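J.: Make a model of this:
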Amino acid sequence: MDHGHAVGEVNNGYLDFGTGVTSVFGWQATLGIPLFCFLLGTFGFPLILSGLAIAHGRELEAAGQVFQDMFDYGLPIAVWGSLFGFFMLSFPRWLAYGKLKNVIPTRFNRQRREVCFVPEGQKEPIFVPWEDLVAWVTEAQGATEYGVQRQYGFGIGFYHPETGEKYTLEFETPGLPLAISNWEAIRAYMEYEVHTLKEIQDPLELQGPDDPPWEGVHVFRNARKRLHDEYRQGKRGMFYLIGWYLYHLVTFWTIPNRLVEWEVKKIKRVSRKTLPKAMSDWSEALPENQWAKPSEELKRQSRRVLELQKIHPGKSTLEIFALVSDEAISRRAMTA
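T.: A predicted model of the protein is given here:
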């Protein structure tokens, strides 16, 4: 699963990594958090304080005056605070838009079984055989004044085919399983186990067969239809139904979904302009009889992974790969 939406496009020829769009939740947080803070400052705190006044024996008229005073006091603070919050949440997004014109995705071409990199600050693409790529996950922890903090990441790297220079691409992930799942999404695509973006970015299955593979308005409508179907079947209760509507009202209903659709169009338009010609030519589809084939060693290791998964169903993907890697190293040492 590509939980971080790092994958931007998937087709029969290639997968783009590093230019994906944000999820609907990102826009819901950007819009909903400032609105929630505004409502809390203008109505929430005055209601709480007026309720406390009644609880301490004050008259309704006095409690109403407390509400009015706190409302007048909190309104300008809530307005400016929510605007500031919206600006702070939106600022990184607008900075990212400004960098889009310089971002070229890492492209995985499974027909050629090659990967195309355009290092930052360069325009000439580097083409690397898929099986020469190295991938890793990182886990680190350290003690700070706030306690023990852990960090996780996912990286891929290679040596330049001509110069031997080392290149790496790394980014942080919220957890170790998410780092592994990013790699598995790429690996599964290159090995013809995954064919569409929907397969790796739709864990809740809210996209229909003919829906586009992003979280547009269609996802909202499908989610609402599923909710009502589950409510009629008794799988969801009234409180869940009310909570769903309240959540989406506070997060501006379908506006986040429409903003995702706008983002998709913007990213696709900018990406087409930034691709080097050599990369565009390399991305052209090949006749099936010209598709590159995996090596016998990779086929053998892939079969061994499947065997070990059946033998050790409780082991994680990382542990299975480690076992296969150790076996390969031992075999090479014996033959040497």
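
J.: Which residues does stretch 224-240 contact?
T.: Residues outside stretch 224-240 that contact it (CB atoms under 8 Å, 6 or more residues apart in numbering) are 206, 241, 244. Using the backbone N, CA and C atoms, a C-beta is placed for each residue, glycine as well.

J.: what do you get for stretch 20-31?
T.: For stretch 20-31, contacts defined as CB under 8 Å, 6+ apart pick out 2, 4-8, 86, 89-90, 93, 214-215, 219-220, 251-252, 255-257, 259-260, 263-264, 267.

J.: can you check stretch 264-272 too?
T.: Residues from elsewhere that reach stretch 264-272 (CB under 8 Å, 6+ apart): 8-9, 16, 19, 21, 97, 100-101, 103, 105, 212, 214, 216.

J.: From the chain's centroid, how far away is the longest helix along the chain?
T.: For the chain, the longest helix by residue count, based on DSSP state H, is helix 60-99. Put simply, helix 60-99 sits 29 Å off its chain's centre (CA atoms, centre = their mean, to the nearest Å).

J.: And residue 329, how close does it get to residue 304?
T.: Applying CB to CB, to the nearest Å, the value for residue 329 to residue 304 is 13 Å.

J.: Which parts of this protein are helices?
T.: Remark: helices assigned in the chain by DSSP H are 24-39, 45-55, 60-99, 176-190, 198-201, 217-232, 238-250, 255-274, 277-282, 296-311, 317-335.

J.: Setting aside sequence neighbours, what's the nearest residue to residue 153?
T.: Nearest in space to residue 153, with sequence neighbours left out and distances taken as CB to CB, 6 or more residues apart in numbering, is residue 138 at 4.3 Å.

J.: With residue 170 instead?
T.: Residue 170 sits nearest to residue 155 (CB to CB, 6+ apart), 3.8 Å away.

J.: isn't that neighbour right next to residue 172, touching?
T.: No: checked against CB atoms under 8 Å, the pair residue 155 and residue 172 is beyond contact range at 10.2 Å.

J.: Look at the two and report which has more neighbours.
T.: Set residue 155 next to residue 172 and count neighbours by other CB atoms under 10 Å: residue 155 wins out with 15 against 12.

J.: Kindly provide the distance from that one to residue 166.
T.: For residue 155, the distance to residue 166 - CB to CB - is 12 Å.

J.: Over to residue 144?
T.: 31 Å.

J.: who's more crowded, those two?
T.: Between residue 144 and residue 166, counted using other CB under 10 Å, residue 166 has the larger neighbour count: 10 against 7.

J.: Chain neighbours aside, what residue packs nearest to the more buried one?
T.: Nearest residue to residue 166, sequence neighbours excluded (CB to CB, 6+ apart): residue 159, at 5.7 Å.

J.: how about that neighbour, what does it touch?
T.: Per CB under 8 Å, 6+ apart, neighbours of residue 159: 132, 165, 166, 167.

J.: could you measure the residue lying closest to the second one once chain neighbours are set aside against residue 236, distance?
T.: In this case it means residue 165. Of all residues not flanking residue 165 in the chain, residue 159 sits nearest, at 6.9 Å (CB to CB, 6+ apart). Remark: distance between residue 159 and residue 236 (CB to CB) = 54 Å.

J.: who are the neighbours in contact with the residue of the chain most remote from its centre?
T.: Most distant residue from the mean C-alpha position of the chain: residue 59, 52.9 Å away (CA atoms, centre = their mean). Contact partners of residue 59, counting by CB under 8 Å, 6+ apart, are absent.

J.: Please tell me how far it sits from residue 125.
T.: 76 Å.

J.: Then residue 105?
T.: Taking CB to CB, one finds residue 105 at 11 Å from residue 125.

J.: Can you give me the buried ones in the longest strand along the chain?
T.: In the chain, assigned by DSSP state E, the strand with the most residues is strand 147-159. For strand 147-159, the neighbour count (16 or more other CB atoms under 10 Å) marks 152, 154, 156, 158 as buried.

J.: if I read this right, residue 86 contacts residue 34, doesn't it?
T.: Yes: look at residue 86 against residue 34 with CB under 8 Å: they come within range, at 4.2 Å.

J.: Please report phi then psi for the residue nearest to the spatial centre of the chain.
T.: Of all residues in the chain, the one closest to the mean position by CA atoms, centre = their mean is residue 4, 1.5 Å from it. Torsion angles at residue 4 (phi, psi; degrees, to the nearest 10) stand at phi -90, psi 0.

J.: what residues are up against it?
T.: So, once contact is read as CB under 8 Å, 6+ apart, residue 4 ends up touching 20, 173, 178, 182.

J.: what residues are up against residue 168?
T.: Counted by CB under 8 Å, 6+ apart, residue 168 has contacts 155, 156, 157.

J.: mind checking how far it is from residue 194?
T.: 24 Å.

J.: Pull out the buried positions in the helix or strand bottoming out on mean pLDDT in the chain.
T.: Lowest mean confidence among the helices and strands of the chain (mean pLDDT, DSSP states H and E): helix 255-274, at a mean of 81. In terms of neighbour count (16+ other CB under 10 Å), helix 255-274 has its buried residues at 255, 256, 257, 258, 259, 260, 261, 263, 264, 267, 271, 274.
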